[in-house]
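Visitor: Sequence first, then the predicted structure, then my questions.
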Amino acid sequence: MNRPNPLPDHSRSFRPSDRRHFLGSLALALGAPLVFQDLLLKTGIFPSALAQEALLKGWPGKEELRMLSDKPLNAEATAKLLDDEITPYSRHFVRNNGLIPDRARQGTLGDWSLTIDGEVNESLKFDLDALKDTFSPHEAALVIECGGNGRAGYYPKVGGNPWTLGAVGCARYRGVRLKDVLRHAGVKSSAVYIGYYGEDLTLSRESGKFPISRGVPIEKALDENTMLAWEMNGKPLPAEHGFPLRLICPGWPGSTSGKWLKRIQVRDQIHDGTKMTGTSYRVPKHPVAPGAKVPTEDMQIIQTMPVKSIITHPETGNSSQNGRNVRLRGHAWSGKGRVARVDLSYDFGATWTQASLSNPVNAFAWQRWELGLKLPVTGYYEIWARATDITGGMQPMLVPGWNPKGYLNNAAHRIAVHVA
Ligand SMILES: Nc1nc2c(c(=O)[nH]1)N[C@H]1C(S)=C(S)[C@@H](COP(=O)(O)O)O[C@H]1N2
Ligand SMILES: [Mo]
């Protein structure tokens, strides 16, 4: 197969200073990435991120994913792996801030219960059967995307997991609406926010500490699409995704969708749990220069996620099987509402062709787009996809505003295709 030197399979522009990317491309060009990485390991001039990738084994059940770390477990999909309408367990990214609880590893409920307390008329406790018996079931296909998806594209580099484009998935969940449970407890007029508490431990296993405890405004908690889920793709929630129960706040950063839930506290102030304060999941209130130091008081909590799309077929770097006719497809989604259109360009944005776009199966599911392009002559092309949502929000072609933690990179996805 004719493999042109591929573009990076994510939206960042090439920078000679980006050694990891440079070495990655070089390894591909040599056609022997493993030997090459091995060589570099021995010379000791090895960039640490690549060293980690070379050494990490796949996670059982998720072997296809790219591992960023195993303690805590962080692993993302590639564009090709996200081709399914409903992302299977094996291809759904995992983002953990701490350790998977023993209960989840064992997959046994034991004495598990969920507590609802705080600004409610009556504190309530449910076991899983009680949740299933008390409230009407709710099912939906929902996109969960990490707020840091695309972080690897920011320059100057920022700390945190260097997600490229695969910290997103759209699985089918079954559970109950959070609003039904909260209304049952009786939400007081003093309620302004909810905070979740999970059963996961910090890396140092300190008792009474939470690796993450975030939440959403009460309006979002009471939205009909916000749910408590015990099933993912027709099976009990897997250990990595929050067994036995997780929160899903679709359209908001994945960090608001608490896993291994034990408690939801209704608050009379903005929740102040772990990773709610400081610079966590916050972006500057005003645009800042790349690399700027931003005082905490100038940062604001990320709310909805911006419009985004991905080209899941063909895979970047492939040769067209049908000459100049290339069939492309992918998904598009937005935290602000439906996606209205997806356009593609094969000439660096000079001209655009609108793709056909399906309706979402429900609110906050991603939408399939497809397009057959006839490329003018043989040769090398870079194909770009750009989604626009119903609010008029459109993906930028370049990495958008730099921010200290590298959130919200929704730059258009680009692939390289060779037409023989
Ligand atoms: N209890 C708990 N909930 C959590 C996390 C966590 O570390 N602990 N990670 C959050 C983050 S940052 C993201 S992006 C999503 C990832 O969900 P997934 O691992 O099922 O893909 O879970 C969120 N919920
Ligand atoms: Mo996240």
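Guide: Happy to help now that I have it. Ligands and ions are numbered 1, 2, ... in the order given.
Visitor: and the spatially most central residue of the chain, what does it touch?
Guide: The centroid of the chain falls nearest to residue 145 when counting by Cα atoms, centre = their mean (2.5 Å). If a contact means Cβ atoms under 8 Å, 6 or more residues apart in numbering, then residue 145 has 167-168, 253-254, 305, 308, 333 as its contacts. No exception for glycine: its C-beta is placed from N, CA and C like everyone else's.
Visitor: One more pass at 10 Å, please.
Guide: Taking Cβ atoms under 10 Å, 6 or more residues apart in numbering, we find residue 145 in contact with 93, 95, 163, 167-170, 250-254, 257, 305-306, 308, 333, 335, 366, 410.
Visitor: Any idea what it is bridged to?
Guide: Taking DSSP bridges as the rule, residue 145 bridges to residue 168.
Visitor: what about stretch 79-89, near ligand 1?
Guide: No - figure legend: stretch 79-89 not in contact with ligand 1 (Cβ under 6 Å from any ligand atom); closest approach 9.4 Å.
Visitor: Give me the buried stretch members for that stretch, please.
Guide: 79-83, 86-87, 89 (16 or more other Cβ atoms under 10 Å).
Visitor: Repeat that for stretch 214-224.
Guide: Quick answer for stretch 214-224 (16+ other Cβ under 10 Å): 214-218, 220-223.
Visitor: So what's the gap between it and the chain middle?
Guide: 19 Å (Cα atoms, centre = their mean, to the nearest Å).
Visitor: Please write out the alpha-carbon positions of it in PDB.
Guide: C-alpha atoms of stretch 214-224 as PDB (Å, rounded to 0.1, in the frame of the first residue of the first chain):
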ATOM      1  CA  ARG A 214     -17.500  18.300  40.600                       C
ATOM      2  CA  GLY A 215     -21.000  19.300  39.700                       C
ATOM      3  CA  VAL A 216     -23.300  21.500  37.600                       C
ATOM      4  CA  PRO A 217     -25.800  24.300  38.300                       C
ATOM      5  CA  ILE A 218     -29.200  23.100  39.600                       C
ATOM      6  CA  GLU A 219     -30.800  24.000  36.200                       C
ATOM      7  CA  LYS A 220     -28.500  21.600  34.400                       C
ATOM      8  CA  ALA A 221     -29.100  18.900  37.100                       C
ATOM      9  CA  LEU A 222     -32.800  19.300  36.600                       C
ATOM     10  CA  ASP A 223     -32.500  19.200  32.800                       C
ATOM     11  CA  GLU A 224     -34.400  16.200  31.300                       C
END
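Visitor: quick one: average confidence on that stretch?
Guide: Computed over stretch 214-224, the mean pLDDT rounds to 98.
Visitor: show me where the stretch 101-250 of the chain has helices.
Guide: Counting by DSSP state H, counting those that start in this stretch, one finds helices in the stretch 101-250 of the chain at the ranges 102-106, 128-134, 178-185, 218-221.
Visitor: Quick one: name the residues of the stretch 151-300 of the chain near ligand 2.
Guide: The stretch 151-300 of the chain comes close to ligand 2 at residues 254-255, as judged by Cβ under 5 Å from the ion.
Visitor: With the stretch 1-150 of the chain instead?
Guide: Of all the residues in the stretch 1-150 of the chain, those lying near ligand 2 are 95, 146, going by Cβ under 5 Å from the ion.
Visitor: Looking at the stretch 1-150 of the chain, which residue is nearest ligand 2?
Guide: Residue of the stretch 1-150 of the chain nearest ligand 2, by Cβ to the ion: residue 146 (3.3 Å).
Visitor: That residue - how many residues pack around it?
Guide: 25 (other Cβ atoms under 10 Å).
Visitor: Just list the residues touching it, thanks.
Guide: 74, 76, 93-95, 160-161, 163, 166-169, 253-255, 257, 305, 407.
Visitor: can we see that at 7 Å?
Guide: Residues near residue 146 by Cβ atoms under 7 Å, 6 or more residues apart in numbering: 95, 163, 167, 253-254.
Visitor: give me the subset of those residues touching ligand 1.
Guide: Answer for those near ligand 1 (Cβ under 6 Å from any ligand atom): 95, 254.
Visitor: which one of the buried residues of stretch 79-89 is nearest residue 155?
Guide: Among the buried residues of stretch 79-89, residue 79 lies closest to residue 155 (Cβ to Cβ), at 21.2 Å.
Visitor: ok, now how distant is that closest one from residue 121?
Guide: 48 Å (Cβ to Cβ, to the nearest Å).
Visitor: Name the residues of this structure found near ligand 1, please.
Guide: 92-98, 144, 146, 198, 200, 211-212, 241, 254-255, 257-260.
Visitor: Give me the pLDDT for the nearest residue to residue 76 once chain neighbours are set aside.
Guide: Computed as Cβ to Cβ, 6 or more residues apart in numbering, the closest residue to residue 76 that is not its neighbour in sequence is residue 166, at 3.5 Å. The model reports residue 166 with a pLDDT of 98.
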